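Asks: The following comprises the amino acid sequence and a computationally predicted model.
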Amino acid sequence: MSLYVDIHTHHPTGLHTELQAVGIHPWDADKRSLKEVDFAHAQAIGEIGLDYACDVDVELQKDIFRKQLEIAQELQKPVVLHCVRAFEDAIRIIGHYTLPAVIFHGFIGSKEQAQRAIDKGYYLSFGDRTWRSPKTIEALRNTPLERIFIETDDAATTIDKQYLEVTRIKQVSLKYLQMQILNNYNKLFLPNG
Ligand SMILES: [Zn+2]
């Protein structure tokens, strides 16, 4: 059995633990309706959030984001967050809801931003895009392993390569990293984890 957890992938392999999340992406806020999404049977609600680098109306993004946070709160399911150039609004809006967990997927940001998310009890997921961003590598260095997830997202890569990068930056063995990430996953997604 694979010891890798891929917390966010657009190309499931079936080989690893791969989180199944459903939700309306901010890019689709003007294209999809909540009625077509089967929230009740998903492990998590996501990816949902805010993306100020895309051209979808910001108020519309916020509206559909809030409605899905309400659903996540109602169902008590973790949220996988997509947040691009919208850190302040995203962290303020999420703060109004009581959620079992929040995972910033594809986290890109400074160590100060990372710390603010950690202080709120949130998780940060790192992957292919991280290695091109020196400030995000710095943020990863400062993020405790208890709050880290790893992902392939939509990149042409494999989860083992992403773990390898994290072992280099965090100066830990692969085995130790695998156990820690599995613990994080079990804590959130196994009934009695
Ligand atoms: Zn995303």
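Replies: Received, thanks. Numbering: from 1, shown residues only.
Asks: Only C-alpha atoms from now on, for both contacts and neighbour counts.
Replies: Fine.
Asks: Residue 36: how many residues sit nearby?
Replies: 9 (other Cα atoms under 10 Å).
Asks: I should have written residue 87 there, sorry.
Replies: By other Cα under 10 Å, the burial measure for residue 87, its neighbour count, is 19.
Asks: excluding its backbone neighbours, what's nearest it?
Replies: Distances taken as Cα to Cα, 6 or more residues apart in numbering place residue 113 nearest to residue 87, at 7.9 Å, with adjacent residues excluded.
Asks: quick one: the one you found from residue 142, how far?
Replies: 11 Å (Cα to Cα, to the nearest Å).
Asks: Let me see the mean pLDDT of the helix ranked longest in the chain.
Replies: With secondary structure taken from DSSP state H, the chain has its longest helix at helix 58-75. The pLDDT scores in helix 58-75 average 98.
Asks: Show me what the helix or strand that that helix is followed by is in contact with.
Replies: As assigned by DSSP states H and E, the chain's next helix or strand after helix 58-75 is strand 79-84. Residues outside strand 79-84 that contact it (Cα atoms under 8 Å, 6 or more residues apart in numbering) are 21, 25-26, 44-53, 69, 72, 90, 99, 101-108.
Asks: Okay, angle between strand 79-84 and helix 58-75 too, please.
Replies: Interaxial angle, strand 79-84 versus helix 58-75 (axes from the mean of the first three to the mean of the last three Cα atoms, to 10 degrees): 160 degrees.
Asks: What's the first helix or strand after strand 79-84?
Replies: That would be, after strand 79-84 and using DSSP H and E, helix 87-94.
Asks: Please work out which residues outside that next one touch it.
Replies: The contact list for helix 87-94 (Cα under 8 Å, 6+ apart) reads 49-50, 66, 69, 83, 113, 117.
Asks: Quick check, residue 58 in contact with residue 49.
Replies: No - using Cα atoms under 8 Å, residue 58 makes no contact with residue 49, being 10.7 Å away.
Asks: Give me the spatial nearest neighbour of the residue nearest in space to the middle of the chain, chain neighbours excluded.
Replies: Nearest to the mean C-alpha position of the chain, by Cα atoms, centre = their mean, lies residue 105 at 2.7 Å. Setting aside the residues directly before and after it, residue 105 is nearest to residue 125 in space (Cα to Cα, 6+ apart), at 4.8 Å.
Asks: Now do the contacts for the one you found.
Replies: 7, 103-107, 148-151.
Asks: Quick check: the farthest pair among the residues you listed?
Replies: 7 and 107 (12.3 Å; Cα to Cα).
Asks: low pLDDT regions in this structure?
Replies: 192-193 (pLDDT under 70).
Asks: what lines up beside the longest strand along it in the sheet?
Replies: The longest strand of the chain (DSSP state E) is strand 44-51. Strand 44-51 pairs in its sheet with strand 21-22 (parallel), strand 79-84 (parallel), by DSSP bridges.
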